[in-house]
Structures are given as C-alpha cells and as structure tokens.
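Enquirer: curious how this folds, go ahead:
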Amino acid sequence: MKTTTIRIFLIALFFGISNLSFAQYEDYVDGVAKDFNQYMDNYMDPLLQGLGYGFNNGWYNTARPHKSLGFDLTISGNLALVPVASQSFKLVPDNYEVFDLSDPNDDEFPTVMGGTTSNEIKAVLDKSDPNSAYVIFPTLNGIKDDLPTNLVAVPSPIVQVGIGIVKKTELKVRWVPTIKNDAGIDYKYWGLGVMHSVSQWIPVVKDLPFLDISGFIGFTNISLAYELDEGTIEGSNQMAEFGVQTFNYQVVASATASVFTGFIGIGVDDFKTNLKMNGTYSIEVPGTGTKEDIVNPVDLDAKGGGFRATVGARLKLAILTLHGSYTLQGYNTINAGIGFSFR
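Expert: Got it, this is the predicted structure:
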C-alpha cells in the first residue's frame with residue numbers, strides 16, 4: 001500500500017480538473033485537497049490506531065525484574081483487533097466542500113481494514129447547483145477480504161532486550177539499527193522502558209517468593225520515510241512519512257509456580273500516530289499551458305489510549321521462554337512471543 005493510495009487520488013484529481021475552466025480551478029483544487037485529506041483521515045484511521053495500540057504492547061511477561069546483569073532477548077508479535085465499527089465509516093456530504101455521493105442512499109464506505117464497495121464519490125464543481133459538472137473519484141477498498149484469517153487485526157512486531165541493573169530494577173530497550181537504502185527508505189525504531197519491583201518495599205509481600213509486584217513505564221518511537229516513485233505525478237521532493245509515539249504506565253503483578261508464571265497488568269497508555277505525503281505535485285491546467293502545484297497534500301494524525309488491563313502466562317524451560325497475553329484496551333490486542341532469559 002506504499003504509494004497506491006496517493007497515486008490513485010492524484011491521478012483522479014488530474015482528470016477532474018481537466019474539465020474545468022481556469023477561473024474555477026483554484027476553489028475546486030483547494031476543496032479537493034481538503035476533502036481528500038478528510039477522506040483519507042477516515043480511511044486510514046483504524047490502521048494508525050491499530051499500530052499505536054500494538055506497539056504500546058508486549059513490554060513484559062513477568063513482574064519480576066532481572067537480577068543485576070541478568071538479561072533477556074524477546075521477540076514477539078501483536079495483533080490489535082479492529083472493532084467492527086472501525087471497519088467502515090459514513091461519508092456525510094455536508095462535511096465536505098466538493099465531495100458528494102453518487103448514491104444518496106448509500107453513505108457507507110470501507111476503511112483500510114474494511115471490505116469492498118461499489119459506491120462512488122462525486123467531486124462536484126458547485127454543490128449548490130444540482131446540475132453542476134462533476135467527476136467520479138475512485139473509492140478505495142479495504143484489505144479485510146484479503147486477510148489470511150477471519151481476524152481483522154493490525155500486526156506489529158517487537159524486538160526487545162531487558163537488562164537487570166540495581167535494586168531490582170530492569171531497563172528494557174527496543175531498538176533496530178537505522179535502515180537507509182538506495183530506494184529512499186529511512187527507518188528508525190527504538191524504545192525505552194523501566195520496571196522496578198515495589199513488592200520489595202511492602203511488608204509481608206516481600207517475603208512471598210512466588211509473588212512479584214512492579215511498576216512499569218515505557219516509551220516507543222518509530223519513524224519511516226520513503227521517496228515516492230518518480231514519474232507517477234510530476235513534481236519534486238515527494239516523500240511519505242509515517243511516525244508512531246507511544247507511552248505506557250502500568251502496575252504489573254505475577255505469580256510463579258515452577259516453570260509457569262501467570263501475570264496481570266493494569267494501567268493507562270496513550271499514543272500518537274502521523275502519516276504525511278510531502279512534496280510538490282504539479283497538475284496541468286488544460287487550455288492554459290500552465291501548471292499549478294499542490295504542496296504536502298496529506299497530513300493525518302491519530303491519537304488514542306486510555307485504561308488498559310492485561311492477563312497472560314509464561315512458560316520458562318531452562319533459558320527458553322514462551323509467552324502469550326491478551327490486553328483489553330481501545331483495540332483489544334493479542335501478544336505472543338519467544339525469548340531467551342538469564343538470571
């Protein structure tokens with residue numbers, strides 16, 4: 001889905017304005033740019049939300065911090081389950097400047113995590129005139145029907161290292177080396193978390209060897225930028241940028257019996273995601289021999305978070321660990337993974 005969405009809409013925009021006079025051009029293009037951004041905001045929202053909830057997950061599989069210089073390497077994956085209500089959205093014409101419905105009785109459109117549609121959007125030159133000229137914009141289908149399972153979910157992978165430092169405190173690090181290549185891709189991924197045992201300070205509880213209670217704080221930052229394919233739409237400095245920032249605050253408790261550990265976590269989190277299509281996109285104005293530029297046509301933000309509760313279990317066989325958990329939050333999230341743990 002790297003450049004397909006922006007390509008479809010900008011090509012549609014080119015053909016749309018080819019039927020308009022120069023005097024009508026400015027208002028029409030301004031309206032299309034605003035409506036396109038609003039449509040994309042609705043369309044992309046569940047993906048941005050799912051990534052925010054997913055990358056805010058999978059920080060722990062026990063409440064017991066490592067001893068000093070103990071460490072673990074954990075690889076896990078999250079599936080943020082997209083609610084049915086987020087798999088489609090209603091397009092309300094009164095909220096758009098030039099977009100209107102081809103079928104007034106059908107205002108339901110799929111999001112990126114939804115199904116397919118035959119519905120159409122009209123980009124109308126003058127919405128106050130029922131006979132005004134218009135062009136048909138292609139609507140986007142979702143990926144629901146292409147998913148390998150019946151779960152409609154946004155995946156997010158996690159690679160994490162935990163290191164015991166002092167006084168039953170553990171530092172957790174998420175990091176992937178910065179990736180840059182000749183294709184114009186620039187990817188950065190890092191995160192920091194701290195878990196500290198509070199049960200060691202609680203009378204009676206500190207004497208129960210099977211029970212651990214800890215506080216946890218975590219932060220994750222992800223950014224991805226890539227150059228759009230040259231020649232699709234004439235212009236310059238065309239770049240897509242995507243970012244995720246997450247925060248996580250929890251109280252975690254776990255109970256261990258032999259090789260089995262059950263754990264729970266209660267707390268709050270919040271996140272911010274952003275998607276931009278930057279650069280200049282040149283659109284020819286037919287009949288004038290001139291071109292006009294559309295600059296930075298897409299800038300989408302999604303924010304979320306709130307109360308969260310996690311329940312899970314871990315199996316430890318020598319240094320090998322297997323774990324799984326389920327988190328109740330805005331998008332309920334499944335986590336499962338494997339790790340190697342020492343001390």
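Enquirer: quick one: terminal-to-terminal distance for stretch 76-95?
Expert: 41 Å (Cα to Cα, to the nearest Å).
Enquirer: in the protein, which helix has the most residues?
Expert: Secondary structure of the chain per DSSP state H: the longest helix is helix 22-55.
Enquirer: report the buried residues of that helix.
Expert: 25, 28-29, 31-33, 35-55 (16 or more other Cβ atoms under 10 Å). All C-beta spots, glycine's among them, are computed from the backbone N, C-alpha and C.
Enquirer: and what of stretch 164-177?
Expert: So for stretch 164-177, counting by 16+ other Cβ under 10 Å, buried means 164-165, 168-172, 174.
Enquirer: likewise stretch 128-137?
Expert: 134-135, 137.
Enquirer: check stretch 69-85 too.
Expert: Buried residues in stretch 69-85, defined by neighbour count with 16+ other Cβ under 10 Å: 71-72, 74, 76, 78-82.
Enquirer: tell me where the model's unsure across the stretch 101-250 of the chain.
Expert: Where the stretch 101-250 of the chain drops to pLDDT under 70, the residues are 138, 181-185, 228-233.
Enquirer: now the strands for it?
Expert: Counting by DSSP state E, counting those that start in this stretch, one finds strands in the stretch 101-250 of the chain at the ranges 108-110, 121-124, 134-137, 153-164, 169-180, 185-197, 211-227, 235-257.
Enquirer: so which elements touch the fourth one?
Expert: The reference is to strand 153-164. If you count contacts as 3 or more Cβ pairs under 8 Å, 6 or more residues apart in numbering; DSSP states H and E, strand 153-164 packs onto helix 22-55, strand 71-81, strand 169-180.
Enquirer: now do the longest one: distance to the chain's middle.
Expert: Going back to what we said before, that points to helix 22-55. Distance of helix 22-55 from the chain centroid (Cα atoms, centre = their mean, to the nearest Å) equals 16 Å.
Enquirer: try stretch 90-102
Expert: Computed by Cα atoms, centre = their mean, the separation of stretch 90-102 from the middle of its chain amounts to 26 Å.
Enquirer: hmm, who's touching it?
Expert: If you take Cβ atoms under 8 Å, 6 or more residues apart in numbering as the criterion, stretch 90-102 is touched by 28, 30-32, 34-35, 38-39, 42, 107-109, 119-125, 127, 134, 136-137.
Enquirer: then stretch 173-189?
Expert: In contact with stretch 173-189 (Cβ under 8 Å, 6+ apart) are residues 158-163, 190-193, 220-227, 239.
Enquirer: now it: buried residues?
Expert: Those would be 174, 187-189, for stretch 173-189 by 16+ other Cβ under 10 Å.
Enquirer: tell me the one of those residues nearest residue 235?
Expert: Taking Cβ to Cβ as the measure, residue 235 lies nearest residue 187 of these, at 23.5 Å.
Enquirer: dump the buried residues of stretch 128-137 to CSV, plus distance to residue 204.
Expert: Output for those, formatted as CSV (distance: Cβ to Cβ, whole Å):
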residue, distance to residue 204
134, 74
135, 73
137, 66
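Enquirer: residues in contact with residue 338?
Expert: By Cβ under 8 Å, 6+ apart, the neighbours of residue 338 are 74-76, 320-323.
Enquirer: max-length strand in the chain?
Expert: Taking DSSP state E as the criterion, the chain has its longest strand at strand 260-285.
Enquirer: now for it, which elements pack on it?
Expert: Contact here means 3+ Cβ pairs under 8 Å, 6+ apart; on that basis strand 260-285 packs against helix 4-17, helix 22-55, strand 235-257, strand 290-295, strand 298-317.
Enquirer: strand partners (parallel or antiparallel) of the third one?
Expert: Think strand 235-257. Using DSSP bridges, strand 235-257 pairs in its sheet with strand 211-227 (antiparallel), strand 260-285 (antiparallel).
Enquirer: so which of those strands gets nearest residue 294?
Expert: strand 260-285 (4.6 Å).
Enquirer: grab the nearest non-local neighbour of residue 311.
Expert: Using Cβ to Cβ, 6 or more residues apart in numbering and skipping the chain neighbours, the partner closest in space to residue 311 is residue 264 (5.2 Å).
Enquirer: neighbours of residue 301, just the number please.
Expert: Residue 301 has 13 neighbours, counted by other Cβ atoms under 10 Å.
Enquirer: could you export stretch 117-125 as CSV, CA atoms only?
Expert: The C-alpha coordinates for stretch 117-125 follow below in CSV (Å, rounded to 0.1, in the frame of the first residue of the first chain):
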residue,chain,number,x,y,z
THR,A,117,-17.5,-1.3,-2.1
SER,A,118,-19.1,-0.4,-5.4
ASN,A,119,-20.1,3.0,-4.1
GLU,A,120,-18.8,6.1,-5.8
ILE,A,121,-17.9,9.7,-4.8
LYS,A,122,-18.6,12.7,-7.0
ALA,A,123,-16.3,15.7,-6.9
VAL,A,124,-18.7,18.5,-7.8
LEU,A,125,-17.7,21.9,-9.2
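Enquirer: which positions in stretch 89-100 come out as buried?
Expert: Quick answer for stretch 89-100 (16+ other Cβ under 10 Å): 89, 91, 93, 96-100.
Enquirer: so which of the strands of the stretch 101-250 of the chain is the most packed in?
Expert: Most buried of these, by mean neighbour count (mean count of other Cβ atoms under 10 Å): strand 121-124, with a mean of 22.
Enquirer: one step back: dump the helices and strands packed on strand 260-285 into a markdown table; add distance to residue 268 as well.
Expert: Below are these laid out as a markdown table (distance: least, Cβ to Cβ, whole Å):
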| stretch | distance to residue 268 |
| --- | --- |
| helix 4-17 | 33 |
| helix 22-55 | 13 |
| strand 235-257 | 6 |
| strand 290-295 | 38 |
| strand 298-317 | 6 |
